[in-house]
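Colleague: using only what follows, build the 3D model:
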Amino acid sequence: MNDTETTLQDESRSSLFHCPDCKAVYIDTDKNTCSTCNTTVERVPSTLTETV
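Modeller: Here you go, the predicted structure:
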């Protein structure tokens, strides 16, 4: 794999986004507002941590 391929793969990675108001979840490369209720969405961390 060369540097160009690595850069293209890194740029096209999707993330999870969550709307705190209506609880909708989106998979996108970049998302700012909820399509359902127009609230600002929050990016879901890519690593899971255990909460007790």
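Colleague: only C-alpha atoms for contact and neighbour calcs from this point on.
Modeller: Fine.
Colleague: contacts only, for Tyr26.
Modeller: 16-18 (Cα atoms under 8 Å, 6 or more residues apart in numbering).
Colleague: and of these, the nearest to Asp28?
Modeller: Leu16 (6.6 Å; Cα to Cα).
Colleague: burial count for that closest one?
Modeller: 17 (other Cα atoms under 10 Å).
Colleague: what values do phi and psi take at Thr29?
Modeller: With angles defined as degrees, to the nearest 10, Thr29 sits at phi -80, psi -30.
Colleague: and the one 4 residues further on, by the same measure?
Modeller: According to degrees, to the nearest 10, the main-chain angles of Thr33 amount to phi -130, psi 150.
Colleague: ok, the one 10 residues further on next?
Modeller: Listed backbone geometry of Arg43 is phi -70, psi 130, with angles given as degrees, to the nearest 10.
Colleague: what of Tyr26?
Modeller: Dihedral angles for Tyr26 - degrees, to the nearest 10 - are phi -120, psi 150.
Colleague: would you mind measuring from Lys31 to Arg43?
Modeller: Distance, Lys31 to Arg43, by Cα to Cα, to the nearest Å: 8 Å.
Colleague: shared neighbours, the two?
Modeller: Shared contacts of Lys31 and Arg43, counting by Cα under 8 Å, 6+ apart, come down to Phe17.
Colleague: OK, contacts around Cys22?
Modeller: With Cα under 8 Å, 6+ apart, Cys22 has these contacts: 36-37.
Colleague: so it sits in a helix?
Modeller: No - note on Cys22: no helix contains this position according to DSSP: H, G, I helix; E, B strand; the rest coil, which reports coil.
Colleague: and it, its phi and psi?
Modeller: phi -100, psi 0.
Colleague: go on, the one 3 residues further on?
Modeller: For Val25, the backbone dihedrals are phi -120, psi 140 (criterion: degrees, to the nearest 10).
Colleague: now the strands for the chain?
Modeller: For the chain, the strands defined by DSSP state E cover 15-18, 25-28, 42-43.
Colleague: quick one: average confidence on stretch 25-36?
Modeller: Taken as a whole, stretch 25-36 has a mean pLDDT of 96.
Colleague: got the buried residues for it?
Modeller: 25-26, 31, 34 (16 or more other Cα atoms under 10 Å).
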